[in-house]
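Asks: model the following, please.
(one chain, ligands or ions: 2)
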Amino acid sequence: MKNIDSNTHVSGTSVYLDDVPVINGTLFGAAFGSPVAHGTIRELMLEEALQIPGVVRIFTAADIPGQNEIGGIIKDEPLLADHHVHFCGMPVAFVVAHTREAARAAVKKIRVKIDPLPVITDPREAQAKGELIIPPRTFTLGDIDNAWRQCTHIFEGSVDINGQEHLYIETQGAYVIPQENNSLRIYSSTQGPTAVQRAVTSVIGLPMHRFEVIVTRLGGGFGGKEDQANTWAALCSLAAWLLKKPVKYALHRMEDMAMTGKRHPYAADFKIGLNDDYKIIAYEASFFQNAGAAADLSTAVLARTLFHCTNSYFIPNVKATGWSCRTNLPPNTAFRGFGGPQGMYVIEAAIAKAAQALQMDAAVIQKKNLIHTGQEFPYGQIAKSEALTCWEKAEALYNPDDLRKVVNSFNAANKLYKKGIAFMPVCFGISFTNTMMNNARSLVHIYSDGSVGISTGAVEMGQGVNTKILQVAAQTFAIAPERIKLNHTSTYTIANTSPSAASATADLNGKATLMACTTILERLKHVAADGLQAAPEDISIVNEQVLVKGTPSTWDWLQLITAAFRLRVNLSEHAHYRTPEIHFDEVKEKGHPFAYHVYGTAILEVTVDCLRGTYTVDTVQVVHDFGNSMNTDIDRGQIEGGIVQGIGWMTMEEVIYDRDGRLRSNALSTYKVPDIYSVPKTIAIDALQTNDDNLAIFRSKAVGEPPLMYGIGAWFALSNAIRAFHPNADIPFSTPMTPEKVLMALYSKTNQETNQHHEETI
Ligand code: LUZ
Ligand code: MOS
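Replies: Ligands and ions are numbered 1, 2, ... in the order given. Sure, this is the predicted structure:
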């Protein structure tokens, strides 16, 4: 089935926040962000800004009627800076004017005197100074202290992983319209309507039922709107509330880039031990997460780093510790993979280091250590593993031995171009790591003309969740998709939603929809049984036809609904789904946090121009565990997009803050994302069909986040290509692998010399 949004997308009639018709009298907002990263506000000067024609009012922390607090997990995030500023771009004042031009002009006229305080941008420095969001967390398996003795080969290293700008095509924004009885209607570009509702509730100081948050769809989210849509919605709500006027603020790209958090950069140290047989016996890792200036979702992101610190491997002795370090950067936040990719990069780096030192192919170590069914993850869950199945299917399909031969002969024949390949296995746990969040609701109505309307807590952001939910209803009722419409997401219709995140949206909201449809279907079967003098269990519907014991009756769908309506049968249902079986004990750090895991293996091939340092990703060949895909077109789209986004993170996307905490890569001229020229020339995707994960909707495994992590392989393929040019190249584990870093590595001294040398070169 086609994506149900394809027609409106192609014809330009899909409604995003900025397409919501603006009503008469609407005012426009713009936020003034702190020009410095850390300091005490001495004086805020608004007079000049207020002189700009069209400016209505400028709001500051003093105007907030409720609490100046929008923090989610931890209450540490003011909406507007009061006395202190903690990051560059932290909102200090909110201008409201008759036009957006006036609002932006006024922002430029605001002056602030700030006494500077020391700025920390480096997580290791923050950790050393005790600047922690929460105490460190440690996951352990086996007996790490005694395990080193069983190891023949032990390697240590350090890693620096950079962040990533979300670059959703639609920037953040909100449009708030006051309603009667002290209520607000809030249009928000958010993945988390309830998160927005809570933030507004906190700031205005009235109960949640006053605030309706409406989302039609997003032009991308990628995690950036899981928590960080709250600020703009709360600012517009504050102004709309106090002025009793509609207020809209859709951020300019550069505002969005400067004021919002990104994927978390991490520093990490690892130690890996292997035995004679190259089995990984012990692994120890310390993760220093750059949380930014407030908690946001950092603690949950850190948890997922620990959950995925051994990626697809079984390692009997593990100790992984994570520190969430407070720095003076914008609070970093959810981003596709949610800390998992960072954990995976570090174990892949450890394996690559071992392989390099042992003069062997990393793939040998990778394959030998893939987790098998029955083995235990460091957090206590027992694997039901497709890791080796995916790997072996990739070998069978894509002939990596032949590819190696091609690469070797290419490298022998070419002096200034070198190819490299890498395997990247992925294992990603599906469920919010916070067990409490794994629930969803769906409201299904059948109208008296036989048409169906569905509302859920899911937010459509291009991932195709509405198409999948529609498929669930179409399949359950056995009716044509054209009879079904997915409605916008609203907190008045569906309450207490978890954000659309964690790859779990179709599972959770699809399961709730399945429950609602099944309940109505049971009622309908009784109606048909009475009307057709049969037993309810003999009734079925196929292609809109009512069957009795498999034989078509005189009734079709419309007659069935008409009969049910006449008999006053309830044609609506609101169902609640909670994922069964999952649990986690945060004291023991053990449990069964994930409904299931998604597995896959990618083989990546790159070519490096050894004169220029530039490169291409030539092929990415994947075997991906789809379960029993509900919609292969949508799922392939997710995989292709994820791969390209992952490659971007690992290769060209370089988030740069200067020492003063100011974002330098603050526009698309200075922040490079993959374009049509840099996507892989070939992406091959093979579907591993597995059929036993019943916690996935219709046994169709979640597909949102896992494929991003295939992109990690690009980093290692590049370093293999560099080594084909310079076998002893010094290649620090530093991401992204930009052309500049490739060049430095190509012409580096040997890796026997220390990192100090590398810093001098820089
Ligand atoms: N968001 C969240 C997520 O709140 N919890 C999670 O476990 C998660 N995982 C992936 C992506 N977003
Ligand atoms: Mo997400 S990183 O699934 O919002």
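Asks: tell me the contacts of the closest residue in space to residue 92 that isn't next to it in sequence?
Replies: Leaving out its chain neighbours, the residue that sits closest to residue 92 by Cβ to Cβ, 6 or more residues apart in numbering is residue 81, at 4.6 Å. C-beta here means a position set from N, CA and C on the backbone, and glycine is covered the same way. In this structure, residue 81 makes contact with 34, 41, 61, 90, 91, 92, judged by Cβ atoms under 8 Å, 6 or more residues apart in numbering.
Asks: quick one: stretch 17-32 to chain centroid distance?
Replies: Its chain's average C-alpha position is 28 Å from that of stretch 17-32, according to Cα atoms, centre = their mean, to the nearest Å.
Asks: in that stretch, what's buried?
Replies: Counting neighbours by 16 or more other Cβ atoms under 10 Å, one finds that the buried residues in stretch 17-32 are 17, 20, 26, 27, 28, 29, 30, 31, 32.
Asks: what do you get for stretch 729-744?
Replies: Of the residues in stretch 729-744, those scored as buried under the neighbour-count criterion (16+ other Cβ under 10 Å) are 729-739, 741-744.
Asks: same thing with stretch 686-695?
Replies: Residues of stretch 686-695 classed as buried under the neighbour-count rule (16+ other Cβ under 10 Å) are 686, 687, 688, 690, 693, 695.
Asks: could you do stretch 271-291 as well?
Replies: 271-274, 278-291.
Asks: of these, which belong to strands?
Replies: Using DSSP state E, the members of the buried residues of stretch 271-291 that fall in strands are 271-274, 280-291.
Asks: helix, strand or coil for residue 673?
Replies: Using DSSP: H, G, I helix; E, B strand; the rest coil as the criterion, the local structure at residue 673 reads coil.
Asks: number of residues surrounding it?
Replies: Other residues near residue 673 number 15, with proximity taken as other Cβ atoms under 10 Å.
Asks: tell me which residues touch it, please.
Replies: Taking Cβ under 8 Å, 6+ apart as the definition of contact, the neighbours of residue 673 are 165, 167, 648, 652, 653.
Asks: what about whichever residue of the stretch 451-600 of the chain sits closest to ligand 2, is that helix, strand or coil?
Replies: Proximity of the stretch 451-600 of the chain to ligand 2 (Cβ to the nearest ligand atom) peaks at residue 501, 3.3 Å away. Each residue gets one of three states, and residue 501 gets coil by three-state DSSP.
Asks: which phi and psi does it have?
Replies: Dihedral pair for residue 501: phi -170, psi 180, per degrees, to the nearest 10.
Asks: just give the nearest non-adjacent residue to it, would you?
Replies: The spatially closest residue to residue 501, leaving aside those adjacent along the chain, is residue 226, at 5.0 Å (Cβ to Cβ, 6+ apart).
Asks: list phi and psi for the one you found.
Replies: Here is the backbone geometry of residue 226 (degrees, to the nearest 10): phi -70, psi -40.
Asks: just checking, it touches residue 193?
Replies: No: with contact defined as Cβ atoms under 8 Å, residue 226 does not reach residue 193; the gap is 11.2 Å.
Asks: and the residue nearest to residue 54 when sequence neighbours are not counted, how many neighbours does it have?
Replies: Of all residues beyond its chain neighbours, the one nearest residue 54 is residue 102 (3.3 Å), with distances taken as Cβ to Cβ, 6+ apart. A total of 21 residues lie near residue 102 under the criterion other Cβ under 10 Å.
Asks: surely residue 164 meets residue 651?
Replies: No: proximity of residue 164 to residue 651 does not meet the contact threshold set by Cβ under 8 Å, at 11.3 Å.
Asks: which of those two has more neighbours?
Replies: Here residue 164 and residue 651 are set side by side on neighbour count (other Cβ under 10 Å), and the busier one is residue 164, at 31 against 26.
Asks: any idea how far the more buried one is from ligand 1?
Replies: Look at residue 164 and ligand 1: by Cβ to the nearest ligand atom, to the nearest Å, they are 14 Å apart.
Asks: what's the answer for residue 575, then?
Replies: Counting by Cβ to the nearest ligand atom, the gap from residue 575 to ligand 1 is 22 Å.
Asks: next one: residue 455
Replies: Counting by Cβ to the nearest ligand atom, the gap between residue 455 and ligand 1 amounts to 22 Å.
Asks: for that residue, give me its contacts.
Replies: Residue 455 makes contact with 442, 443, 486, 487, 488, 489, 490, 493, 494, according to Cβ under 8 Å, 6+ apart.
Asks: and for the nearest residue in space to the last one that is not next to it in sequence, the neighbour number?
Replies: Nearest in space to residue 494, with sequence neighbours left out and distances taken as Cβ to Cβ, 6+ apart, is residue 457 at 4.4 Å. Here the count is done by other Cβ under 10 Å, and residue 457 has 28 residues near it.
Asks: I'd assumed residue 437 was in contact with residue 457.
Replies: No: the pair residue 457 and residue 437 does not pass the contact test of Cβ under 8 Å, sitting 11.2 Å apart.
Asks: and the host helix or strand of residue 342 with strand 280-292, angle?
Replies: Assigned by DSSP states H and E, residue 342 belongs to helix 340-357. Interaxial angle of helix 340-357 relative to strand 280-292 (axes from the mean of the first three to the mean of the last three Cα atoms, to 10 degrees): 140 degrees.
Asks: roughly how far out does helix 340-357 sit from the chain middle?
Replies: The mean C-alpha position of helix 340-357 is separated from the chain mean by 22 Å, Cα atoms, centre = their mean.
Asks: for residue 471, phi and psi?
Replies: With angles defined as degrees, to the nearest 10, residue 471 sits at phi -60, psi -40.
Asks: ok, now residue 41?
Replies: Backbone dihedrals for residue 41, given as degrees, to the nearest 10, come out at phi -70, psi 120.
Asks: wouldn't it be in contact with residue 86 here?
Replies: No: assessed by Cβ under 8 Å, residue 41 is found out of contact with residue 86, at 11.3 Å.
Asks: these two: which has the busier surroundings?
Replies: For residue 41 versus residue 86, the count of surrounding residues by other Cβ under 10 Å is larger for residue 86: 25 against 19.
Asks: need the contact list for the more buried one.
Replies: Residue 86 makes contact with 37, 38, 293, 294, 328, according to Cβ under 8 Å, 6+ apart.
Asks: do the same with residue 432
Replies: Counting by Cβ under 8 Å, 6+ apart, residue 432 touches 300, 438, 498, 501, 502, 504.
Asks: likewise for residue 682?
Replies: By Cβ under 8 Å, 6+ apart, the contact set of residue 682 is 618, 619, 620, 621.
Asks: per-residue pLDDT, the last one?
Replies: When you say that, I think you mean residue 621. Reported pLDDT at residue 621 in the predicted model: 98.
Asks: just the first one next, same as before
Replies: If you check residue 618, the pLDDT there is 98.
Asks: got phi/psi on it?
Replies: Here the main-chain torsion angles of residue 618 (degrees, to the nearest 10) amount to phi -80, psi -50.
Asks: surely it meets residue 606?
Replies: Yes: between residue 618 and residue 606 there is a contact under Cβ under 8 Å: 6.2 Å.
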